[in-house]
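> Coordinates only, no sequence provided:
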């Protein structure tokens, strides 16, 4: 009875705002038959360091994360922070 493990990136999605979501699947096989599978999800925001990730993800990020996308994302993030209502001080 041989157990083997396979780790693959099975999903890469680019969102409208430039965020890249990725999912890694870890599959366990017994004698060539898959008996278990788990997932790990991650994401990369425009402007975030993505060095060290899988080459397929970094290649996509290199294409998608243009200067304009990074600037637009930063503006969106700042607008979201500015729109938050400040908490009232406790008296």
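Yes, it's here. All of these numbers come straight from a predicted model, not from anything done at the bench.

> Now do the SS call for the spatially most central residue of the chain.
Residue closest to the average C-alpha location in the chain (CA atoms, centre = their mean): residue 43, at 1.6 Å. Secondary structure, DSSP: H, G, I helix; E, B strand; the rest coil: residue 43 is strand.

> Name the helix or strand for residue 39, please.
Under the criterion of DSSP states H and E, residue 39 resides in strand 33-44.

> Just the residues contacting that strand, thanks.
19-29, 50, 53, 57, 61, 65 (CB atoms under 8 Å, 6 or more residues apart in numbering). (C-beta placed from N, C-alpha, C; glycine too.)

> Just confirm residue 6 is within a helix.
No - assigned with three-state DSSP, residue 6 falls outside any helix and is strand.

> per-residue pLDDT, the closest residue to it other than its chain neighbours?
Closest residue to residue 6 in three dimensions, ignoring its sequence neighbours and counting by CB to CB, 6 or more residues apart in numbering: residue 27, at 4.6 Å. At residue 27, the pLDDT value in this model is 98.

> Repeat that for residue 59.
For residue 59, the model assigns a pLDDT of 97.

> just residue 91 next, same as before
67.

> immediately after the strand holding residue 39, which helix or strand?
helix 55-64.

> who are the neighbours of whatever helix or strand comes next after that following helix, in terms of helices and strands?
Counting by DSSP H and E, the next helix or strand C-terminal to helix 55-64 is helix 67-82. Using 3 or more CB pairs under 8 Å, 6 or more residues apart in numbering; DSSP states H and E, no helix or strand is in contact with helix 67-82.

> now helix 67-82, how far from the centre of its chain.
Using CA atoms, centre = their mean, to the nearest Å, the mean C-alpha position of helix 67-82 is found 18 Å from that of the whole chain.
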